[in-house]
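Novice: Pasting the sequence and the predicted coordinates here, then a few questions.
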Amino acid sequence: MFFLCCQAKAQENLRYKGELTVGKYQGNADYGYKIIDGDTLLNGSFRLKKANLDSLLKKQDYSFDFSGSFFNNFPNGAWSFRFGEFQSNNKSQVIDYQYRVAVSGVQEEARGLILKGKPDGNWTFEVSKIEDSKVAQTLFKSNITFDNGIPQKNFIIENDSITLAGRFLRNGLAHDEWSLYESFGLSASENWLFSNGVLNQIETELDGVVTITPIYGKYSGDTKILNLDKKYIQAIALYQLINDDAGVKAGGEMQRLLEENAAYYKKIDAILSELGESSFLPEFKVKVPYFPLTDDENQLLNRIKTNYKTSEEISTSFLEDTQLNILKLSDQDAAFNYEVIKKITKDFLNPVSKLLAYQNQEIVEFAPRNQLISGLWTSEKPSTTIEVNVVMDSTKTLQTFSLDSKEEFDFTHTNLESLVQLSEYALQSLTLIENKLKAKLTNSKRKQELISKEEELIAQQKTLQSLIDSVIVDSPSTIRTVLKKLRKHSEESLVSYALLTDLEPKLLKAQKLLVCYQQLEVLAKNIAKLPEQEEAIKERYKDRVWNPFMATLMDEEVKKRIVTAYKRVLVPYFLEQVKEDFRCRKTADLNILMNNTQQRMLELRTKNTSKLERKLRKINDPLTVFELLGIQPSSKEQ
Amino acid sequence: MRSYKSYTFSFIVLAILLHSSLVGQEPLEELLPTESKFKEPKTRLWINTYGNIRISKRLFWVAQTHFRFEETEETPFIGQIGQIYNRHAIGYIYNKKVNAALGGVMRINFNTDENSIDRNVVPEFRIWHQYQFAMPVYSAMIYHRIRIEHRWTKGFEENSDYIFRNRWRYMFRAKIPLNKDRLESKTLYVSPEAELIMQSGKAVVGSVMEDLRLTTTLGYILTPRLTVAGGLMYSQGQTLDNPGIFKQNWTMRFHVYFSPDFRKVKNKLPEIHLND
């Protein structure tokens, strides 16, 4: 008793009134529901709407109004959907005690019956352009009759430029004549003739002239049922192509119109699916000739794909290689190889890439295999012997390329096996050429590199020399001697470089010398700067002292031991390092040491150095002085 | 007004003296010659050290020791020790150009009269203060020094009493750099100077010009803290006993000037420039 009572109570119809969000739609809802085993099932009438006057007056309002009913969570019964996107002109008038505001914008409206979640009976979609609260133009309209979700009988779909009308069999397959014509004016039309879902032919009429393009004709082989969508159109195009049919490229307009229609249905399906259970999609069914791919064929396709990918990478890398593009102008062999790559790309790779594109679109199954394969080449299929014209110094020579193992390849047949062979041959050829060209290019690259390195080297040496020549003029004689020595070092190292003959060691040495010259330039500057720096240090180690006997402020030298150590020990050490025992690799360290020393000398002025000054007494060893001053001499010195 | 008064005072003293001589007091007549007499110049040698030891931002300690020699019959200039000076004071630096000092002197006078049978050594005491003004003129500096000394001396005779005198000294000096365009380290400079020393006191009767010193010195600034100088001085002045008799001296002078600063670097750096 108790159980029954509760069950009865649970099945009691309840109502909800209030806020509800369905997908992206948020508005006021009023609907009936019941709770069964803890699940909420929509049951009874349903309404969800929104219209916001405030936002309409401010800018624009997105309004909607969905109403219909559910039965056990399935949409069931008469439904209508309205979507509005309105702006107002902010003019209002009062009519019958009501404020009225005229609006402009777009309204979409759909209405029809739903039976257990599927469209049933007649469904209309209408998109209108509204101006001042009146319908100004119909932007889209569709009218389709369904039987339990399957389109039946006649339908009509139109937008602002074209109209499509046609009919279905009871099983939903396209049948008889589907006509596509311009909504205004009858100058052009397209009639698709189906029989039992198979498209026989397309008749196009332009200015009274009728052109007939056969598609599948009276096809009687295996077929597959498809939706009339993009894939179907691609399948038709492929079929036309391999049948050497230069007729119209059919179906674009029709497909776009059907897609537009499907988009509207999808919008409603999204709402209904969110609420309950539904499959509210119009399926326009057609039949296409079907040549299924076997497992073996799929494997072959994958092999072709792998070969193609590698081949394509090799070919692109060479065709776009600037080095090769320059080299082929002067090198007969390089030019020949370049032409072969070009030819393989054109005759082998490009056709294969077409097949792979069909595979990507999943339409290989909708065309007879051998026709499809022979259709990949507009002229002859290539052979194992590749002939190219090589133009060198305005003389043309015909050269041929083939693999030694060409006898093992046979790609004369029009099947996938043969295409595997063809792609394999292309790959092996390209790999062979790649190996030949790589060595050639590397060598040429190296030579090129050396030439530019040498140019750089000479330029650097010139900069160095002119730098030395310019600073030498004003330098004291000790500095002058050292700078001259530096110039001599740079000359000598260039001479020893010139004695090298082999490419590799030359490149290495040139690289080293470049670095060396950069450092030498810094060193020359550092050395030329020494007198100026010494003066700066002297200035810094001065203090203004008041002499009571003279009643005058005088400069007094302070921390004399530090300054003396710098002048008498460190500076001569720097100069000595350049004069004697000069090595390029020590230059960078010496530069760092000189900079650090200068910086440290300037720092020490303000530091407490009384201990340091005591220790510096009578020390003449530069390394000890560096250590005492807290300067890190180069690692090699230690 | 003051100078006029002192002038009047000197004049009265002189008038009395002259009057006394005119009224026929024998010793005075003998004392005052009819015209000034100039003694033969003596030769002397002074070795002077001058220390100015900085003790704070504005104060310094003046420490001077002088050794004065003079001729004997056999040896010119350095024949015998004449005086040893010990002069100390605390100086105040008003600014870079103006300073003052106040202190005392303890001098030891040696009896240089070879024929004397009196005491060989007597002390002499002074209290002194001085005001120095410096001003730059082109590359040189000129200095005005006013020094006032209150002096207690006594003769070499046994049981002689101290006599008190005031000394009024004004010195004008220039220091002109020779090898540089200003006075700085390693500068050789020439320094002409003139100092007039006047004296007064009960014991001073007529001999108001104690000394007029004309000196030229050549100096060398070794560092801002150490300078050496040497020069020659001619001086003349009335003898205390007889205003009609003038003594004369030629003096070689050698000076060492030092000015250490023992303050810690931390304290020294910001203040050393005073207010420039």
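Specialist: Sure, I can see it. Numbers count the residues shown, from 1 in each chain, chains lettered A, B, ... in the order given.
Novice: Chain B against chain A: which residues are in contact?
Specialist: Residues of chain B lying near chain A by C-beta under 8 Å from any C-beta of the partner chain: B:50, B:52, B:54, B:60, B:91, B:93, B:96-97, B:99, B:132, B:134, B:141, B:143, B:175, B:182-185, B:221, B:223-225, B:227, B:257, B:259, B:261, B:269, B:272-274, B:276. Just so you know, the C-beta spots here come from the backbone N, C-alpha and C atoms, and that holds for glycine as well.
Novice: Which of the residues you listed are buried, as a ChimeraX select command?
Specialist: To isolate the buried members of the residues of chain B next to chain A in ChimeraX, using 16 or more other C-beta atoms under 10 Å in any protein chain shown:
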select /B:50,52,54,60,91,93,96,99,132,134,141,143,175,183,184,185,221,223,224,225,227,257,259,261,272
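Novice: which ones among the residues of chain B next to chain A are found in strands?
Specialist: With strands taken from DSSP state E, the overlap with these comprises B:50, B:52, B:54, B:60, B:91, B:93, B:99, B:132, B:134, B:141, B:143, B:175, B:221, B:223, B:227, B:257.
Novice: now the helices for chain B?
Specialist: In chain B, the segments counted as helices under DSSP state H are B:2-22, B:26-31, B:265-271.
Novice: Revised request: answer the last question for the stretch 251-400 of chain A.
Specialist: Under the criterion DSSP state H, counting those that start in this stretch, helices of the stretch 251-400 of chain A are mapped to A:252-275, A:295-319, A:322-327, A:332-344, A:350-361, A:369-374.
Novice: From the contact counts, what lies against the third one?
Specialist: To tie it back to what came earlier, the one meant is helix A:322-327. On a contact count with 3 or more C-beta pairs under 8 Å, 6 or more residues apart in numbering or on different chains; DSSP states H and E, helix A:322-327 meets helix A:332-344, helix A:416-472.
Novice: Could I get those helices in CSV, plus columns for mean pLDDT?
Specialist: Below are the helices and strands packed on helix A:322-327 laid out as CSV (pLDDT from 0 to 100):
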stretch, mean pLDDT
helix A:332-344, 85
helix A:416-472, 84
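Novice: Buried deepest among those, which one?
Specialist: With neighbours defined as mean count of other C-beta atoms under 10 Å in any protein chain shown, the helices and strands packed on helix A:322-327 peak in mean count at helix A:332-344, which reaches a mean of 20.
Novice: interface residues of chain A facing chain B?
Specialist: A:543-557.
Novice: Looking at those residues, which one is closest to A:Asp502?
Specialist: Nearest to A:Asp502 among those is A:Glu557, at 58.6 Å by C-beta to C-beta.
Novice: re earlier: farthest pair within the residues of chain A next to chain B?
Specialist: A:Ala551 and A:Glu557, at 20.9 Å, using C-beta to C-beta across the residues of chain A next to chain B.
Novice: Neighbour count: the two, which is higher?
Specialist: Neighbour tally, A:Ala551 and A:Glu557, criterion other C-beta atoms under 10 Å in any protein chain shown: the higher count belongs to A:Ala551, 22 against 14.
Novice: Give the full set of residues in contact with the more buried one.
Specialist: Contact analysis of A:Ala551 by C-beta atoms under 8 Å, 6 or more residues apart in numbering or on different chains lists B:Lys96, B:Lys97, B:Asn99, B:Gln132, B:Ala134, B:Met141, B:Tyr143.
Novice: Might one say that A:Phe46 is in contact with A:Asp65?
Specialist: No - here A:Phe46 does not reach A:Asp65: they are 11.5 Å apart, not a contact under C-beta atoms under 8 Å.
Novice: So which of the two has more stuff around it?
Specialist: A:Phe46 (23 against 16).
Novice: Give me the distance between that one and A:Glu277.
Specialist: 14 Å (C-beta to C-beta, to the nearest Å).
Novice: and if you look at B:Asn86?
Specialist: With distances taken as C-beta to C-beta, B:Asn86 is found 124 Å from A:Glu277.
Novice: burial count for A:Gln371?
Specialist: A:Gln371: 16 surrounding residues under other C-beta under 10 Å.
Novice: count of neighbours near the closest residue to it other than its chain neighbours?
Specialist: Spatial nearest neighbour of A:Gln371, excluding adjacent residues (C-beta to C-beta, 6 or more residues apart in numbering or on different chains): A:Ile242 at 4.5 Å. Neighbour count of A:Ile242, defined by other C-beta under 10 Å: 16.
Novice: Likewise for B:Leu59?
Specialist: Number of residues near B:Leu59 (other C-beta under 10 Å) recorded here: 13.
Novice: Is it in contact with B:Ile90, as I believe?
Specialist: Yes - with contact defined as C-beta under 8 Å, B:Leu59 reaches B:Ile90; the gap is 6.0 Å.
Novice: and the residue of the stretch 51-200 of chain B at minimum distance from chain A, what does it touch?
Specialist: Nearest residue of the stretch 51-200 of chain B to chain A, counting by C-beta to the nearest C-beta: B:Ala134, 3.7 Å away. With contact taken as C-beta under 8 Å, 6+ apart, B:Ala134 is in contact with A:Met550, A:Ala551, A:Thr552, B:Lys96, B:Lys97, B:Val98, B:Met141, B:Ile142, B:Tyr143, B:His144.
Novice: can you pull the pLDDT of it?
Specialist: Looking at B:Ala134, its pLDDT reads 94.
Novice: Would you map the helices across the stretch 1-150 of chain A?
Specialist: Under the criterion DSSP H, counting those that start in this stretch, the stretch 1-150 of chain A contains helices at A:2-10, A:53-58.
Novice: Mean pLDDT lowest where, among these?
Specialist: Among the helices of the stretch 1-150 of chain A, helix A:2-10 scores lowest, at a mean of 43.
Novice: Any chance of CSV for the contacts of A:Ala551, columns distance to A:Glu455?
Specialist: What follows is the contacts of A:Ala551, written out as CSV (distance: C-beta to C-beta, whole Å):
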residue, distance to A:Glu455
B:Lys96, 65
B:Lys97, 68
B:Asn99, 73
B:Gln132, 74
B:Ala134, 69
B:Met141, 66
B:Tyr143, 72
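Novice: The residue lying farthest from the centre of chain A - nearest residue in space that isn't next to it in sequence?
Specialist: For chain A, the residue at maximal distance from the C-alpha centroid (C-alpha atoms, centre = their mean) is A:Phe549, at 84.8 Å. Nearest in space to A:Phe549, with sequence neighbours left out and distances taken as C-beta to C-beta, 6+ apart, is B:Tyr257 at 4.7 Å.
Novice: so what's A:Gln26 bridging to?
Specialist: Under DSSP bridges, the beta-bridge partners of A:Gln26 are A:Thr21.
Novice: dump the residue contacts of the closest residue to B:Arg253 other than its chain neighbours.
Specialist: If the residues on either side of it in the chain are set aside, B:Arg253 comes closest to B:Trp46, at 4.7 Å by C-beta to C-beta, 6+ apart. Neighbour list for B:Trp46: B:His66, B:Phe67, B:Arg68, B:Phe69, B:Thr251, B:Met252, B:Arg253, B:Phe254 [criterion: C-beta under 8 Å, 6+ apart].
Novice: Can you select the buried ones from those residues in PyMOL?
Specialist: Here is the PyMOL selection string for the buried members of these, based on 16+ other C-beta under 10 Å:
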select buried, chain B and resi 66+67+68+69+251+252+253
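Novice: mind putting the contacts of B:Trp46 in JSON lines, pLDDT and distance to A:Gln598 included?
Specialist: Converted to JSON lines, the contacts of B:Trp46 look like this (pLDDT from 0 to 100; distance: C-beta to C-beta, whole Å):
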{"residue": "B:His66", "pLDDT": "95", "distance to A:Gln598": "49"}
{"residue": "B:Phe67", "pLDDT": "95", "distance to A:Gln598": "50"}
{"residue": "B:Arg68", "pLDDT": "95", "distance to A:Gln598": "53"}
{"residue": "B:Phe69", "pLDDT": "94", "distance to A:Gln598": "54"}
{"residue": "B:Thr251", "pLDDT": "95", "distance to A:Gln598": "53"}
{"residue": "B:Met252", "pLDDT": "96", "distance to A:Gln598": "50"}
{"residue": "B:Arg253", "pLDDT": "96", "distance to A:Gln598": "47"}
{"residue": "B:Phe254", "pLDDT": "97", "distance to A:Gln598": "44"}
